[in-house]
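J.: The sequence isn't on hand, but the structure is:
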């Protein structure tokens, strides 16, 4: 009984990591644009075209890798369109993002009908999915815990490994620093001859890259098929995470793990006979609750002065002023 | 005046670019753009019933468009109209089949239920937007998914018509919206939509409240300084926008479907938002943009049967129009969006 | 212009005496000429002040020199070499550095990261933070600009931020440093430290260009002065040959007297009574501390102080736009701190905000629409909630006439107007509300001299009409002209009060720098 319990827990953790991966990838992509000061609601569409073209590439070439590449290229094209309109033409980013999402939805369905003559979904033997990566020695070392680190599709590893890389990227690389500067204080970048346009383009394209990988993971990862609107709001959940994490990679990871867990847990609930429609709504509700709860937490608070605190401030803060040095603002 | 003229030419050029790109995509999927175009026109305006069909499609787009206009004028991006439409549609249907009332009154109560449901559905995002500045774009988009799943749950698990598809029992005829002509399902919904467009336009132009809301939309700090309760107005604007979104759902169920069914009105909320954006937040111009999109939609039905193209190709064209127009004109009204607050949020 | 001209060849061969030469620079923005055939010659090793009123074209000229703007006509010669300064990078390569009026530092980064931003020291592709910190410390010690390289900029004071800006410029190897109104945000003590640093630079053989409209500073620190007026070059002279009066005359083109407006004592009953008022700023630090004062009917009370010493917070608390954390502000017996902005207006409060374009108007709307704000629910502007736009427009025409607003008509968009005319739109709205109390924050910021006078006239008229007026200004001259009493704010506190008739600017200046009233009079005496 104990062993069974443990197995279930491991399985739940494994499922959490699996469901976390796509949203983590797309959210990390969005971290680039968020840090660069762009509100990118177009993640959803980038992910969707990524998923569609990954399947297309996989069928045409018979190679999952080429499929992934096709998905990434498609997402990059969308990211480029976003950048051209938002950065160069200064169009409203919400409008452009939403329109690109609508375009992605309409385009994938139209192309599906034109190429496969079907509506709904593309399934079949000809889609080559991504292989599962078995880490050698994992089973010997970890025993029943091995599935926790071994046996995922490659994008899961990419997603989690990307987190520390991004932390380092923002702290210690020139491009990472510039992206932060452009988002936080564009005047500073401009004055130093850092091209805001170039940095924002780069950030948008990096975002497209990861969103494309996320899309490829959706359609070539654990299931090998494409269905209409298969990104099903993950891009929007990623945006919600980006809003309360401000694009910080570690906070993004924490937020995505929460979603992955909610997803995995609700799927488990389904086996207990909860109505599937309500179960499916759980991740969206989690996103909404998190969004609301965290904005409530960051609300501006009014601080009332007490006699105690006033006395303290009057006595401490006037001293440096009278000596004439280190004048506070 | 020259500014207005330049903006107008800008729109025309944008439209031309969008259509050219659309044609290119049609060529890519191995169809003739001219054939597609002619089919669309035939499907939209080919005969009396086609025109009525176009107007039938225009109605929900127009009402959703007005909902979006109300939001845009007040500086709020209500992307949740789709969800409000679903909730409103379900609420109206529920009143229609579960609450027998005298004719006329029944219809009015059904519509009221739709309006209330739409407003209630947006109330939480609206409250958090107004009080804590929670990004309303994301919260309303996410609530769309919940709305669709929730109404599906109601329909299939709680109120399913015995032996039927995934739909509720039919509503009682006492709750029907009266039809305008005998040859079409075209109904009072269109009249309601047009009247609403003119009322909202008048409201923003001529009333003190409308003036206050417009000021909150275009210059919130100025409005606050002038004594307008910005948070309260923001909340009310989203609530009103949601209420109109709910109304659109009520018009659909009481006027056309006479029941609520899964996926009963796909995409009208987004079409309405696009129509309103293309009209730059003006309810009167939205009448025309909604008609345009309604014609595209109705024409696309024929497209599906007469050509090898899918009807979603019109979604592609709509998106392309918005994209090319956004680069030209929408930048002039950046205050309408959340873009201006970007630096606050990130 | 050609490279082969004899003059040019001569310039390149002889060691140039001038660090910077701007020749016949013209810059237009649409119909507006910001610089018209302006000439500027700055000798190596001098402190060269460029002086002129707001809008005289000083900042435009410097932006052209630094490559932020391109001139329509004219040439730039740097260190004897004719240069086309396409962007700031070219200017930096030529040994120029600019410290902008508004600092361009990234708050979340450390001092060292900011100093080396754009020229990071890297090792193995990664930024070498240890090396940057070390180099920043070296620079800081060499030039006597004390900073702590690892501190986050968001925690630092304005004076230190300016040091970082200067270090940024030095780290890029600048030998000619341009400072745009460097003292506008500094206390007199901080300014003095800055001047010492600048003298150190020229002693080192560097060159300093210094933009200001503060006469005394220019007299104190500069070797040479160039005066600009309405975008034109007026004169370049050694400072020693000039008096303050000469400078004023050249700046404004006529003798202006900062004469105190004549007045009779009219002060009546107390209209506004502020007691122990406290408030916090955005960072939730106390920004207004224990303010207590009164304003009487028929009296103008001035609030003096360097920008950012709690004046904004005071204005916002009174207007209901910021919560007070303690204390009260009674307007005719009603406590403003407990009321909404709308209720405050109804209580007889008119407010000319300091941030005109954000708070004062909706730039994209018409004059009529802007004049309607705050009264849209009241008769005769609206009845039963329906607006009378014809009536509003008619009244707008009257106001345009009465306040001499230069516009095409009531439907003209506000953002098309000049700064002075926009301010008049705000005044027209606020002064016709029949309010008992007027709060006027920065009455003439960004307003040309002619409009300044008419705005002052209007404020005096309000005083004569028995209104209680509180004027907040960073321009001391303005307060000396207008106010019956002057309160001085420093670091959120009111340091002391001076009678307008007997006010002397030195004593006020001391208080602006944080000395309390008694200490200030001792030092001044």
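T.: Sure thing, it's come through. Source: prediction; values computed, not measured. Numbering: from 1, shown residues only, chains lettered A, B, ... in the order given.
J.: Enumerate every residue touching the residue of chain B found nearest chain A.
T.: Residue of chain B nearest chain A, by Cβ to the nearest Cβ: residue B:315 (3.0 Å). (Each C-beta comes from the backbone N, C-alpha and C, glycine too.) For residue B:315, the contact set (Cβ atoms under 8 Å, 6 or more residues apart in numbering or on different chains) comprises A:102, A:103, A:105, A:106, A:109, A:110, B:267.
J.: what do you get if the cut-off is 6 Å, keeping everything else the same?
T.: A:102, A:106 (Cβ atoms under 6 Å, 6 or more residues apart in numbering or on different chains).
J.: Skipping adjacent residues, who's closest to residue C:354 in space?
T.: Nearest residue to residue C:354, sequence neighbours excluded (Cβ to Cβ, 6 or more residues apart in numbering or on different chains): residue C:441, at 3.5 Å.
J.: Hmm, residue C:351 and the one you found touching each other?
T.: No - using Cβ atoms under 6 Å, residue C:441 makes no contact with residue C:351, being 7.6 Å away.
J.: Show me which of these two is the more surrounded one.
T.: Using other Cβ atoms under 10 Å in any protein chain shown as the criterion, residue C:441 and residue C:351 rank with residue C:351 on top: 30 against 25.
J.: and the more buried one, that's in a strand?
T.: Yes - with the criterion set as DSSP: H, G, I helix; E, B strand; the rest coil, the secondary structure at residue C:351 is a strand.
J.: hey, what's it bridged with?
T.: residue C:439 (DSSP bridges).
J.: Correct me if wrong: it contacts residue C:439.
T.: Yes - counting by Cβ under 6 Å, residue C:351 does reach residue C:439; the two are 4.7 Å apart.
J.: Need the three-state assignment for residue B:256.
T.: helix.
J.: Any idea how many residues pack against the closest residue to it other than its chain neighbours?
T.: Closest residue to residue B:256 apart from its sequence neighbours, by Cβ to Cβ, 6+ apart: residue B:185 at 5.4 Å. Counted by other Cβ under 10 Å, the residues lying close to residue B:185 total 16.
J.: ok, the most centrally placed residue in chain B - contacts?
T.: For chain B, residue B:64 is the residue whose C-alpha lies nearest the centre (Cα atoms, centre = their mean; 2.2 Å). Contacts for residue B:64 were tallied using Cβ under 6 Å, 6+ apart; they are B:81, B:248, B:268, B:269, B:272.
J.: Dump those residues into TSV; add neighbour count and distance to chain A as well.
T.: Formatted as TSV, the contacts of residue B:64 follow (neighbours: other Cβ atoms under 10 Å in any protein chain shown; distance: Cβ to the nearest Cβ, whole Å):
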residue	neighbour count	distance to chain A
B:81	35	12
B:248	34	18
B:268	30	13
B:269	30	11
B:272	31	12
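J.: Next, the contact list for residue 268, please.
T.: No chain in the question, so chain A it is. By Cβ under 6 Å, 6+ apart, residue A:268 has no neighbours at all.
J.: I was thinking of chain C, sorry if that wasn't clear
T.: C:296, C:297, C:298.
J.: related to what we said a few turns ago, quick one: which helix or strand includes the residue of chain B closest to chain A?
T.: Using DSSP states H and E, the element containing residue B:315 is helix B:313-328.
J.: What mean pLDDT does that helix get?
T.: Across helix B:313-328, the average pLDDT comes to 86.
J.: buried sites along the longest helix anywhere in chain A?
T.: Longest helix in chain A, counting residues (DSSP state H): helix A:2-35. Neighbour counts over helix A:2-35 (16 or more other Cβ atoms under 10 Å in any protein chain shown) mark A:10, A:13-35 as buried.
J.: Three-state assignment for the spatially most central residue of chain C, please.
T.: With distances taken as Cα atoms, centre = their mean, residue C:184 lies nearest the centre of chain C, 6.2 Å away. Three-state call for residue C:184 (three-state DSSP): coil.
J.: do the same with residue C:202
T.: On the basis of three-state DSSP, residue C:202 is classed as helix.
J.: Show the pLDDT at the residue nearest to residue B:256.
T.: 83.
J.: just residue A:189 next, same as before
T.: Reading off the model, residue A:189 has pLDDT 88.
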